[in-house]
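Participant: give me the fold of what follows.
(one chain, ligands or ions: 1)
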Amino acid sequence: MVIGLDAVRLTERPLVVCDVDDVVLEFVTPFQAFLESRGHRLLPRSFRLHGNIVSQATETALPDREVSDLIEAFFDAQEAWQSPFSTTAAAIEAIARDADIVFLTAMPPRFADRRRRLLDSIGLSQPLVATKEPKGPVVETLHGGRPLPVAFIDDMAHNLASVGTHVADCLLLHMIPVSEIHRHAPLAEPPVLRVADWPEATQHIRRHCSAGRAS
Ligand SMILES: [Mg+2]
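Facilitator: Numbers count the residues shown, from 1 in each chain. As a prediction, the model looks like this:
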């Protein structure tokens, strides 16, 4: 199921598709605080949540089912926990002057209304698409092969690989937040570009979009 795709109306401008968790909104840091409020702790032993969340009392890893339930409970309560990175708003505003932005979030679609409210509350009114399905086909459908520049930004290498497979000439930006667990994050293969932060991402997007217009 893909929520929100049909409602997206693009203009004749470049398209920039942005992941949300740990790109637009902080995820790992508030999720750790959420876990601690419930008597658990995330151990950054590898780049996964399942198997790495332990009970503070016993140091025993929670069963996978319980971890999945905690992730869903966090998405349910996201408005109380998540906020944007300090550099998000200015970057989105700058990019939106020259390009259409679409947020593409990998979360169960039933939480999309909460995410919509959260993004609206911080002034990010761009369209939101929510799905657990691979991101490549979604971006392919969004862009539809238009002769305009397209860019995609995500913190997960597998999402960048998926979009790279489905969307020709897409600028692919890998932006990984600074966190203990992200030190274990798989790196993306070229032509994906690694960027440190939103200001660097914005420079690449601006260059890609203006080059596309000139050709
Ligand atoms: Mg993400």
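Participant: hang on, Pro14 packs against Pro147?
Facilitator: No. Pro14 is not in contact with Pro147 according to C-beta atoms under 8 Å; the separation is 10.8 Å. C-beta here means a position set from N, CA and C on the backbone, and glycine is covered the same way.
Participant: neighbour count: those two, which is higher?
Facilitator: Pro14 (25 against 8; other C-beta atoms under 10 Å).
Participant: check contacts around that one.
Facilitator: Pro14 makes contacts with 98-100, 148-151, 208-209, 212-213, as judged by C-beta atoms under 8 Å, 6 or more residues apart in numbering.
Participant: what's the answer for Pro191, then?
Facilitator: Contacts of Pro191 by C-beta under 8 Å, 6+ apart are 164, 172.
Participant: from the middle of its chain, how far away would the lowest-mean-pLDDT helix or strand in the chain be?
Facilitator: Least confident helix or strand of the chain, by mean pLDDT, DSSP states H and E, is helix 198-214 with a mean of 89. Centre-to-centre, helix 198-214 and its host chain are 19 Å apart (C-alpha atoms, centre = their mean, to the nearest Å).
Participant: for stretch 162-182, same thing?
Facilitator: Centre to centre, stretch against its chain (C-alpha atoms, centre = their mean), the figure for stretch 162-182 is 9 Å.
Participant: ditto for stretch 133-150
Facilitator: The answer for stretch 133-150 is 16 Å, by C-alpha atoms, centre = their mean.
Participant: can I get the CA coordinates of that stretch in PDB?
Facilitator: C-alpha atoms of stretch 133-150 as PDB (Å, rounded to 0.1, in the frame of the first residue of the first chain):
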ATOM      1  CA  GLU A 133       7.200  -0.900  -0.100                       C
ATOM      2  CA  PRO A 134      10.600  -0.300  -1.900                       C
ATOM      3  CA  LYS A 135      11.200   3.300  -2.700                       C
ATOM      4  CA  GLY A 136      12.600   3.000  -6.200                       C
ATOM      5  CA  PRO A 137       9.200   2.200  -7.900                       C
ATOM      6  CA  VAL A 138       7.500   5.000  -5.900                       C
ATOM      7  CA  VAL A 139      10.000   7.600  -7.100                       C
ATOM      8  CA  GLU A 140       9.800   6.200 -10.600                       C
ATOM      9  CA  THR A 141       6.000   6.700 -10.500                       C
ATOM     10  CA  LEU A 142       6.300  10.100  -9.000                       C
ATOM     11  CA  HIS A 143       8.800  11.400 -11.600                       C
ATOM     12  CA  GLY A 144       7.300   9.500 -14.500                       C
ATOM     13  CA  GLY A 145      10.400  10.000 -16.700                       C
ATOM     14  CA  ARG A 146       9.900  13.700 -17.100                       C
ATOM     15  CA  PRO A 147      12.800  15.600 -18.800                       C
ATOM     16  CA  LEU A 148      13.500  17.400 -15.600                       C
ATOM     17  CA  PRO A 149      16.200  17.000 -12.900                       C
ATOM     18  CA  VAL A 150      15.300  14.600 -10.000                       C
END
